[in-house]
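J.: based on what follows, work out the 3D shape:
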Amino acid sequence: MTHLLEIRDLKVTFGGLDALSGLNFHIDEGEIVSVIGRASCRERV
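T.: This next block holds a predicted model:
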């Protein structure tokens with residue numbers, strides 16, 4: 001299958017604090033993916 005999206009070693013930092021570090025994932029053709037989190041997170045990122 002073909003990767004439509006591939007993320008390697010994603011890091012997100014807020015004020016010197018690592019909120020996310022070393023995230024790897026890919027989305028293949030034909031996949032349906034959802035990201036679920038706190039509603040207030042979208043307002044801060």
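J.: the protein: strands as residue ranges?
T.: 3-14, 17-28 (DSSP state E).
J.: including distance to Ile36 and mean pLDDT, could those strands go into TSV?
T.: For glycine as for every other residue, the C-beta is placed from the backbone atoms N, C-alpha and C. What follows is the strands of the chain, written out as TSV (distance: least, Cβ to Cβ, whole Å; pLDDT from 0 to 100):
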stretch	distance to Ile36	mean pLDDT
strand 3-14	17	93
strand 17-28	14	92
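J.: check which residues of stretch 26-39 are buried.
T.: For stretch 26-39, the neighbour count (16 or more other Cβ atoms under 10 Å) marks no residue as buried.
J.: starting at the chain centroid, how far to it?
T.: 9 Å (Cα atoms, centre = their mean, to the nearest Å).
J.: next: stretch 14-30.
T.: 4 Å.
J.: residues contacting that stretch, please?
T.: 1-13, 33, 44 (Cβ atoms under 8 Å, 6 or more residues apart in numbering).
J.: show the buried residues in those residues.
T.: For the contacts of stretch 14-30, buried by 16+ other Cβ under 10 Å: none.
J.: apart from its neighbours in sequence, what residue is nearest Val33?
T.: Excluding the flanking residues, the one nearest Val33 by Cβ to Cβ, 6 or more residues apart in numbering is Ile27, at 5.4 Å.
J.: beta partners for the one you found?
T.: With beta bridges defined as DSSP bridges, Ile27 has these partners: Leu5.
J.: how close does it sit to Val35?
T.: 11 Å (Cβ to Cβ, to the nearest Å).
J.: also Ile7?
T.: 12 Å.
J.: many thanks, have a good one.
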